[in-house]
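# My questions concern the predicted model and sequence given below.
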Amino acid sequence: MKPRFVHLVLLLALAGAIGAVLTRGRQVREDRAVVLAALRDARGPALPAVGRSGARSASEPARYDADTLYELINGAAEAYLARGFEECIASTFAFATPAGEVEVAAEVHRFGEAAGARAQLEAERPRRGAPVDGVVGANGAVSDGSVLLVVSGRDLLKLTRLDMRPDGGEVLVALAVAWLEERKP
């Protein structure tokens, strides 16, 4: 059988399709910062590194999901689940301060949507809580000096001082700032 005009048209169409796929495959589709942020988001919630936070040490992080959250916050887990809770990481950080050692319980709760994290912040807002200066990059940050709550995207950072040393409020802010810094692309 002799090649005909229709065969030439089909061959050209196939070559054009291959060329289009190759050309599009070489183009960058996303900003690298967006891709990096998506990868960080996919790995789950994270706490800042001990060195970056200024802490002296931290306990081994524990992870919780919808089935085990009650082990961390027995009695309040239902409210978290109703707001779309997905997972949590928790640890205790120890800071050396001039007044002595300050321990902070740190929890990062991941919700299905940013609105769930924001709603949980509002539900747990301390009565004497006020906006926190110096916590840049958050969608909301409030503290009464013993508890600090910060929302960034779908995550809620909850920091609780486990003692009442006079300079403990400053370590809460330092830990929150370190957490936000590590979230940047």
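Everything's here; your move. Numbering: from 1, shown residues only.

# so what does the strand or helix carrying residue 157 touch, helix or strand wise?
Using DSSP states H and E, residue 157 maps to strand 155-161. Secondary-structure packing of strand 155-161 (3 or more Cβ pairs under 8 Å, 6 or more residues apart in numbering; DSSP states H and E): strand 100-111, helix 114-124, strand 147-152, helix 168-183. For every residue, glycine as well, the C-beta is placed using N, CA and C.

# Compare those and report which one is nearest to residue 9.
helix 114-124 (52.0 Å; Cβ to Cβ).

# the inter-axis angle of the closest one versus strand 147-152?
170 degrees (axes from the mean of the first three to the mean of the last three Cα atoms, to 10 degrees).

# Contacts made by the strand holding residue 157 with the rest, please.
For strand 155-161, contacts defined as Cβ atoms under 8 Å, 6 or more residues apart in numbering pick out 45, 102-111, 117, 120-121, 124, 145-151, 168-169, 171-172, 175-176, 179, 183.

# Give me the buried positions along the helix or strand harbouring residue 87.
Here residue 87 sits within strand 85-97, counting by DSSP H and E. Within strand 85-97, the residues that count as buried by 16 or more other Cβ atoms under 10 Å are 85-95.
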